[in-house]
Structure formats: structure tokens, C-alpha cells
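Visitor: for reference, the sequence and a predicted model appear below.
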Amino acid sequence: MNVLEIRGLGVDYQSATGAVHAVDDVSLDLRRGEILGLAGESGSGKSTLAHAVGRLLRPPAAITGGSVTFHRGDGTAVDVLALRNEELRAFRWREMAIVFQSAMNSLNPVATVGAQIDDVLRIHRPDLPRRSRTERAVDLLQRVGISADRRRSYPHELSGGMRQRAAIAIALALNPEIIIMDEPTTALDVVVQRDILYEIRALREEYGFAVVFITHDLSLLMEISDRIAIMYAGRVVETGGSRDLHRHPRHPYTAGLLRSFPRLRGPREELLGIPGTPPDLRDLPSGCAFHPRCGSAVAECSTRPPRLLDGVACLLNDEKGIR
Ligand code: ADP
């Protein structure tokens, strides 16, 4: 059962030199309770997609088409792109929470972490008495590995890992169905990062939320996600179970990523497994956008854009295609 359905979503950034098609005709499902990893080189549109789904885009970004539908547990559907101010605020905490790349940017520097959890609860759960709110704050912090007395700490008094945990505790405050995590652990060392992600997996077992997860670390993504969507030049080129995708990548780009274990963020650089660099999103190559870098490309790849069929967008895998 899907908790979120993205259909034909497009996002452009308007610039003086033309529209950058950062997300182009993306259709993707998030199943209830799953961890979905988004992978792809820097600039492939992962963050833009996550921000569009969370309704966090600001100009010059604009949604050019498509839909995002959230399915509540009770069977009702929410048109996420049509939500207006008040509805959007409620939706964001109660049904979808977002943990940003840098916890320092999403935490309020002048309020203790306990007060920040309390704020969310006070605004969205006016029925809860103060004491229950405090109990809930302590419980949430403990669940993410922060001791009760730390609720009186300000963000700058906590380590990077603790701040990240605090941001996750706040995101969990209202039991959302979906948590979007955009590089939640980039700035942390590898051991801390793994610990936090395994804790998120454990919390997921308990609360049943679904996670959309973006990280630069492809091996970690494979380890932590149930399913993975690979993006290239603003499009989803392959989706599949993590294990299947790891063992049997079907798109040549996925295979290249797996060979190179690249840095999916940071400066653009050539990947070991894939020659060349990602294309200019203002002026994509004809046919399959990946064809100029693809070792398996045939003539038709430069003229016929592949559709995402059975989880892969490659003419070589298309039953009506070349093979
Ligand atoms: P990823 O998360 O995969 O690294 P992004 O979603 O951040 O990719 O970026 C996708 C594309 O959109 C990139 O080509 C990037 O240069 C472009 N982009 C991102 N933000 C802006 C902006 N504010 N203005 C113009 N282009 C942008």
C-alpha cells in the first residue's frame, strides 16, 4: 500500500540563461513503512524532488506539472500540491516531517531542545496538558539516545550527532507517516552516521513511518533502504529493492554508480565507473539523457527517450526496444 504517490512531477529553476529542468516527469511510489533511498550524482535533482514533495521549494523553483498524493491510514487522499497555508502547516508536522541536511539550520539556536519539542506539541496538540508534553519530550529524546537532562541544552551545547538526534526527535513529535531526510548525517563521522541510521530503522519498526532518505554514501543507502530510486538528470532511471539493485542493476547508469561508489554530493567530478560529467539541465542530450556517457548505448538511444517500464528507463531493457 502506498503512502505517497508522485506522478509526472516537474520542477524548473528559472534562470537568466533558461529554465533548469531539475525534476522532469518523475513518478515514484513510497510504500507505507518503507525506507526509500534516493541516489544519483550531485545535481541529479534529489534534493529538489524531496523539497517539492515537502512543499519547501522557493522561487526561482517552480513546479511545472504533476501531482503528489498522500494517502492517510483511514483511506482519505490529500492533494499535497494544493494544500494552503494552514493545511500545509498541519500536514507538515502531523503527516510528513522533514529533517534537513544540517541539524544546526533546522534547530532554533535560542531555544532548548526540550522547548522546541514542547513548541511543536503545544501548537499541534492543544489537548495535551503541559505535563504530558514534558513526558513526551523526555520520551522522544530518550528514544533517539539523548538523556532526559539534555532537554535543557541549547543546540550549540550538543555535539553534531546529538543535534541530529534532537532534530529527529522533533520530527517524530507528532507521529508522522512520512519522514523526509535530506543528507541527515553528512557532516557526521561514519560511525555516528551508521548508529543514527540504525536507530531510525529501529524507530521505524516501532512507529511504522515511511522514510525518504538521501545521502551521498551509496553503500550506506544500500544497507539502510528497503528500496532505492536512482536519479539521473532530473529523472528516475531505475527503481528496485536494494538487494536486487545491488546484485542486478539493470540500468547502465546504476551499474556505473555501483562500480564507482561516488560522492553523490559536493563538487562534480568524473566517476571512476562512468566517463564524462552530468549534462546541462537546460539543454539535455536528445533521446536518453545518459546516452553520451553510456558504454552500452546503440544508435536508437540518441533519438528515442526511454520510458520507465517495470522499474527501469532504458531502451536495452524495454520489451519494445532494441533487444
Ligand atoms: P542533488 O540533490 O541531486 O544534488 P539538486 O536537486 O540540488 O540535486 O539540484 C538539481 C539541479 O538544480 C542542479 O543542476 C542544480 O544546479 C539546480 N539548482 C538547484 N538549486 C538551484 C537554484 N536555486 N537555482 C538554479 N538552479 C538550481
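Guide: Now that the structure is in, tell me what you want to look at.

Visitor: could you identify the helix or strand that succeeds the helix or strand bottoming out on mean pLDDT in the chain?
Guide: Of all helical and strand segments in the chain, the minimum by mean pLDDT, DSSP states H and E falls on helix 103-106, at a mean of 66. Scanning forward in sequence from helix 103-106, with DSSP states H and E defining helices and strands, the next element found is helix 113-124.

Visitor: so which elements touch that next one?
Guide: For helix 113-124, the elements it packs on are helix 85-94, helix 130-143, helix 160-172, judged by 3 or more Cβ pairs under 8 Å, 6 or more residues apart in numbering; DSSP states H and E. For glycine as for every other residue, the C-beta is placed from the backbone atoms N, C-alpha and C.

Visitor: report the buried residues of the last one.
Guide: Going by neighbour count (16 or more other Cβ atoms under 10 Å), the buried part of helix 160-172 is 161-172.

Visitor: figure out how far that helix is from the centre of its chain.
Guide: Once both centres are worked out by Cα atoms, centre = their mean, to the nearest Å, helix 160-172 turns out to sit 17 Å from its chain's centre.

Visitor: what packs against it?
Guide: Contact partners of helix 160-172 among helices and strands, from 3+ Cβ pairs under 8 Å, 6+ apart: strand 96-99, helix 103-106, helix 113-124, helix 130-143, strand 178-182, helix 190-207.

Visitor: same check, this time on the shortest one
Guide: Here helix 85-94 touches helix 113-124, going by 3+ Cβ pairs under 8 Å, 6+ apart.

Visitor: again, but for the longest one
Guide: Here helix 130-143 touches helix 113-124, helix 160-172, going by 3+ Cβ pairs under 8 Å, 6+ apart.

Visitor: low-confidence ranges in the stretch 151-300 of the chain?
Guide: Within the stretch 151-300 of the chain, the stretches with pLDDT under 70 are 184-188, 216, 261-272.

Visitor: how about the residue of the stretch 151-300 of the chain found nearest the ligand, nearest residue that isn't a chain neighbour?
Guide: Per Cβ to the nearest ligand atom, the residue of the stretch 151-300 of the chain with the smallest distance to the ligand is Leu281, at 4.8 Å. Setting aside the residues directly before and after it, Leu281 is nearest to Val20 in space (Cβ to Cβ, 6 or more residues apart in numbering), at 4.6 Å.

Visitor: can you count the residues close to that neighbour?
Guide: By other Cβ atoms under 10 Å, 20 other residues sit near Val20.

Visitor: so it, which state does it fall into?
Guide: strand (DSSP: H, G, I helix; E, B strand; the rest coil).

Visitor: which bits of the stretch 1-150 of the chain sit near the ligand?
Guide: For the stretch 1-150 of the chain, the contact set with the ligand under Cβ under 6 Å from any ligand atom comprises 13, 15, 20, 22, 40, 42-48, 60.

Visitor: adding secondary structure and pLDDT, write the residues you listed out as TSV.
Guide: Supplementary listing: those in TSV, determined by DSSP: H, G, I helix; E, B strand; the rest coil; pLDDT from 0 to 100:
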residue	secondary structure	pLDDT
Tyr13	strand	97
Ser15	strand	91
Val20	strand	96
Ala22	strand	97
Gly40	coil	90
Ser42	coil	86
Gly43	coil	90
Ser44	coil	93
Gly45	coil	95
Lys46	helix	93
Ser47	helix	91
Thr48	helix	95
Pro60	coil	95
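
Visitor: now which of these would you call buried?
Guide: The neighbour-count test (16+ other Cβ under 10 Å) marks 13, 20, 22, 40, 42-48 as buried among these.

Visitor: pick out the most distant pair among these.
Guide: In these, the most distant members under the criterion Cβ to Cβ are Tyr13 and Gly40, with 16.9 Å between them.

Visitor: endpoints of stretch 74-86, how far apart?
Guide: Criterion Cα to Cα, to the nearest Å; first-to-last residue distance in stretch 74-86 is 21 Å.

Visitor: pull out the buried residues from that stretch.
Guide: Judged by neighbour count (16+ other Cβ under 10 Å), stretch 74-86 contains these buried residues: 78, 80, 83.

Visitor: stretch 229-244 too?
Guide: By 16+ other Cβ under 10 Å, the buried positions in stretch 229-244 come out as 229-240, 242.

Visitor: now, the residues you listed that are in strands?
Guide: Within the buried residues of stretch 229-244, membership in strands is found for 229-232, 235-240, as judged by DSSP state E.

Visitor: okay, the residues you listed in JSON lines with distance to Leu9 next?
Guide: Listed next are those as JSON lines, based on distance: Cβ to Cβ, whole Å:
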{"residue": "Ala229", "distance to Leu9": "12"}
{"residue": "Ile230", "distance to Leu9": "16"}
{"residue": "Met231", "distance to Leu9": "12"}
{"residue": "Tyr232", "distance to Leu9": "16"}
{"residue": "Arg235", "distance to Leu9": "10"}
{"residue": "Val236", "distance to Leu9": "10"}
{"residue": "Val237", "distance to Leu9": "15"}
{"residue": "Glu238", "distance to Leu9": "17"}
{"residue": "Thr239", "distance to Leu9": "14"}
{"residue": "Gly240", "distance to Leu9": "20"}
